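[1] Structure, please.
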Amino acid sequence: MPPTTPQQQPRLGCGAVIQRADGAVLLVKRGRQPEQGHWGLPGGKVDFMEKVEDAVVREVLEETGLQVSIERLLCVVDHFEPALQQHWVAPVYLVHAPDGAQVTLLEPDAILALDWFPQDALPAPLTVSATEGLARLQSPR
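    Down below sits the predicted model:
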């Protein structure tokens, strides 16, 4: 395999599955590449020297205003975007938000919309991470 350039190095992201008591999950509509226009999980890039779990909590707060706590790791997603020459590795966590907490779209430049969806009525298209994370939510540990 030929050597990679710095632009071809895998990038580290993270995602959060947030589920209400009624089973609905919070999804955000991406306003940027990769997967612009797709519905995905709140989350984003992990900063240098930042723990992944801390990045999940920070990203959810920055995007939605929700203060969440980590419950467990659901899966690790490899997402390949050859057209963009990107490879993302994204741990996806099940997180808990306080009952009755209100969500607010706080990053309108990056997120076009956010909403709660019943798992039997998910919007399309879904991001790779949302598809894999929600599938893991349905399967036993």
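[2] Run through the residues that contact residue 133.
    Taking C-beta atoms under 8 Å, 6 or more residues apart in numbering, we find residue 133 in contact with 15, 17, 41, 74-75, 77, 92. (C-beta placed from N, C-alpha, C; glycine too.)
[3] quick check, nearest of those to residue 123?
    For the contacts of residue 133, the minimum distance to residue 123 (C-beta to C-beta) is 12.7 Å, reached by residue 41.
[4] Leaving out the residues flanking it, which one is nearest to that closest one?
    When the adjacent residues along the chain are set aside, residue 41 lies closest to residue 15, with 3.7 Å between them (C-beta to C-beta, 6 or more residues apart in numbering).
[5] Can you tell me the element residue 95 falls in?
    Element membership of residue 95 [criterion: DSSP states H and E] is strand 86-96.
[6] Tell me which strands that strand pairs with, and in which orientation.
    Take DSSP bridges as the rule and strand 86-96 pairs in its sheet with strand 11-18 (parallel), strand 69-81 (antiparallel).
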